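A.B. asks: what follows is a predicted protein model with its sequence.
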Number of protein chains: 2
Amino acid sequence: MVDVNSKDAASRSLETIQRQSSGDPAKPPRWDIIELLFFAYRDFVGDPDDVLDQFGFGRAHHRVVHFVHRYPGLKVADLLDVLRITKQSLGRVLKQLLDEGYIVQKSGEADRRQRLLFATAKGEALVAQLAGLQTDRINRALKDFTPVEIEAIGRFLSAMIDRNDPDKVLQVILGQASAKTDGRTNKT
Amino acid sequence: MVDVNSKDAASRSLETIQRQSSGDPAKPPRWDIIELLFFAYRDFVGDPDDVLDQFGFGRAHHRVVHFVHRYPGLKVADLLDVLRITKQSLGRVLKQLLDEGYIVQKSGEADRRQRLLFATAKGEALVAQLAGLQTDRINRALKDFTPVEIEAIGRFLSAMIDRNDPDKVLQVILGQASAKTDGRTNKT
DNA sequence: AATTTACGTCAACCATATTGACATATCTTG
DNA sequence: CAAGATATGTCAATATGGTTGACGTAAATT
């Protein structure tokens, strides 16, 4: 440890020593947005944690049951694209949700290799409860915003998402977002 | 497995079967924002992963070295507040960053029990590289936004953050955000 | 002098992710 | 129809990043 007791560093308050920028002045880092996104997401995903604990679940279960509920008939492969995790990792969480009756599988009609996923009433109830907490936070945050501002916020979040290989779910979401914002449909 | 081959479920496309809402109609879940935040954050934090891999680091290292760089002289306790993790968990990644020379410690001048953290040039370079990637994404997303819209986006993200027990770092960030939005300077 | 605080550390454990290999059922294609 | 590709499941081993609880030391506070 460097025990120099540096006066200048140690004695300044957090406010005064905070860095303003530190790179190419032509492309200043967006420290504000970077950090606001970190904190906003930290608190946003933190809301459901207590509830999930009571069910013996973690955030992974939340993500899975959420997307299955929202996009009934989702294939396992779709879910892997959305969550960007491996089959292994999904497997355990999915098995738990199946075993405990939050999700059911049906084999595909056209392609019977596929396992289409559906949330049960139990699963829907869980998702609704968790979405309620997050919706409360969002509504609180948006309380004093105009519709135009809210539209801009959605457009920003949408623009932050990779467009290179949009999976099925993403196509739906981005399609909706742009449909809302400019009236264009995006069904390609 | 429920192998019913349900026609109605399996044959509908993802677009047509997507749920519109499923709860109290008086408080409809904000599915759009919930999911946009998920995808936006997924891709936002995904950018640095490849670089971090090359350094043998993970996202935990990124968060630590980021905040230490941005708020030089941060105490260990402050970092715990910001990251919302335990001392144990922080300990491991912090030790690695110290051992490999990305961060140094200095004991506090006023209170010599404190270990004030500072990023080295090596640490700053890493943070700058990672912030560059994220800034590129943000700038791309904000390309066609007006200053007024950008201000609203920042205000929204800020409003999504818990106000109950704002730690030191958060006070700085939120102070800045409000200073920007209403013209007050915040140099204290 | 006693207590509290800031930090570090040990041990055990858990959740969630990884890679790689392999099995099965089913669809597609030559 | 045979061969190959695809969708899914599973086994084993491993890594990362998180947890709790206990304990120790140095330094500040009372």
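C.D. replies: Everything's here; your move. Residues are numbered from 1 along each chain as shown, chains lettered A, B, ... in the order given.

A.B. asks: which strand or helix spans A:Cys60?
C.D. replies: No Cys there; residue A:60 is Ala. helix A:59-70 (DSSP states H and E).

A.B. asks: what does that helix rub up against?
C.D. replies: A:45, A:48-49, A:52, A:55, A:74, A:79, A:82-83, A:89-90, A:93-94, A:96-97, A:102-103, A:117-119, A:123-124, A:126-127, A:130-131, A:169, B:18-19, B:22, B:31, B:35, B:38 (C-beta atoms under 8 Å, 6 or more residues apart in numbering or on different chains). For the C-beta atoms, the positions are set from N, CA and C on the backbone; glycine is no exception.

A.B. asks: just give the nearest non-adjacent residue to A:Ala177, would you?
C.D. replies: A:Ser158 (4.3 Å; C-beta to C-beta, 6 or more residues apart in numbering or on different chains).

A.B. asks: domain ranges for chain A?
C.D. replies: A:47-143, A:145-188 (automatic domain parsing).

A.B. asks: any idea which of these is most buried?
C.D. replies: Mean neighbour count, computed with mean count of other C-beta atoms under 10 Å in any protein chain shown, is highest for domain A:47-143 among the domains of chain A, reaching a mean of 17.

A.B. asks: how about the residue nearest to A:Ala177, what does it touch?
C.D. replies: If you count contacts by C-beta under 8 Å, 6+ apart, then A:Ser158 has A:173-174, A:177-178, A:181, B:36, B:40 around it.

A.B. asks: from memory A:Lys87 sits against A:Val93, does it?
C.D. replies: No: checked against C-beta atoms under 8 Å, the pair A:Lys87 and A:Val93 is beyond contact range at 11.3 Å.

A.B. asks: one step back: helices - which of the contacts of helix A:59-70 land there?
C.D. replies: If you go by DSSP state H, the contacts of helix A:59-70 have A:45, A:49, A:52, A:79, A:82-83, A:89-90, A:93-94, A:96-97, A:123-124, A:126-127, A:130-131, A:169, B:31, B:35, B:38 in helices.

A.B. asks: filter those by proximity to DNA strand C?
C.D. replies: A:83, A:89, A:93 (C-beta under 7 Å from any atom of the strand).

A.B. asks: as CSV, those with pLDDT and distance to A:Asn164 would be great.
C.D. replies: Shown next, in CSV, are these (pLDDT from 0 to 100; distance: C-beta to C-beta, whole Å):
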residue, pLDDT, distance to A:Asn164
A:Leu83, 96, 17
A:Ser89, 97, 22
A:Val93, 97, 26
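
A.B. asks: got CSV for those, with distance to B:Asp165 too?
C.D. replies: Formatted as CSV, these follow (distance: C-beta to C-beta, whole Å):
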residue, distance to B:Asp165
A:Leu83, 31
A:Ser89, 33
A:Val93, 31
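
A.B. asks: out of those residues, who's nearest chain B?
C.D. replies: Nearest to chain B out of these is A:Leu83 (C-beta to the nearest C-beta; 8.5 Å).

A.B. asks: which residue, neighbours along the chain excluded, lies closest to A:Ser89?
C.D. replies: Here the residue nearest A:Ser89, using C-beta to C-beta, 6+ apart, is A:Ala60, at 7.7 Å.

A.B. asks: how near is the closest residue in space to A:Gly46 that isn't next to it in sequence to B:Ile103?
C.D. replies: Nearest residue to A:Gly46, sequence neighbours excluded (C-beta to C-beta, 6+ apart): B:Arg84, at 7.5 Å. Separation of B:Arg84 from B:Ile103 (C-beta to C-beta, to the nearest Å): 20 Å.

A.B. asks: could you do A:Leu170 as well?
C.D. replies: For A:Leu170 relative to B:Ile103 (C-beta to C-beta), the value is 37 Å.

A.B. asks: for chain A, what are the low-confidence residue spans?
C.D. replies: Along chain A, the model assigns pLDDT under 70 to residues A:1-26, A:179-188.

A.B. asks: can you tell if stretch A:80-98 touches DNA strand D?
C.D. replies: Yes: legend: contact between stretch A:80-98 and DNA strand D by C-beta under 7 Å from any atom of the strand is shown at A:87-88, A:91, A:94-95.

A.B. asks: close to DNA strand C: what parts of chain A are there?
C.D. replies: Residues of chain A lying near DNA strand C (C-beta under 7 Å from any atom of the strand): A:57-61, A:83-89, A:92-93, A:110-113.

A.B. asks: what about 6 Å?
C.D. replies: Within reach of DNA strand C by C-beta under 6 Å from any atom of the strand, chain A has these residues: A:58-61, A:85-86, A:88-89, A:93, A:111-113.

A.B. asks: next up, the contacts around the closest residue to DNA strand C within chain A.
C.D. replies: Proximity of chain A to DNA strand C (C-beta to the nearest atom of the strand) peaks at A:Gly58, 1.7 Å away. Residues near A:Gly58 by C-beta under 8 Å, 6+ apart: A:Leu52.

A.B. asks: backbone dihedrals for it, please?
C.D. replies: Dihedral angles of A:Gly58 (phi, psi; degrees, to the nearest 10) stand at phi -120, psi -170.

A.B. asks: distance of it from DNA strand D?
C.D. replies: 10 Å (C-beta to the nearest atom of the strand, to the nearest Å).

A.B. asks: same question for A:Leu126.
C.D. replies: For A:Leu126, the distance to DNA strand D - C-beta to the nearest atom of the strand - is 20 Å.

A.B. asks: I'd say that residue and A:Tyr102 touch.
C.D. replies: Yes: when contacts are counted by C-beta under 8 Å, A:Leu126 is listed as touching A:Tyr102 (6.3 Å).
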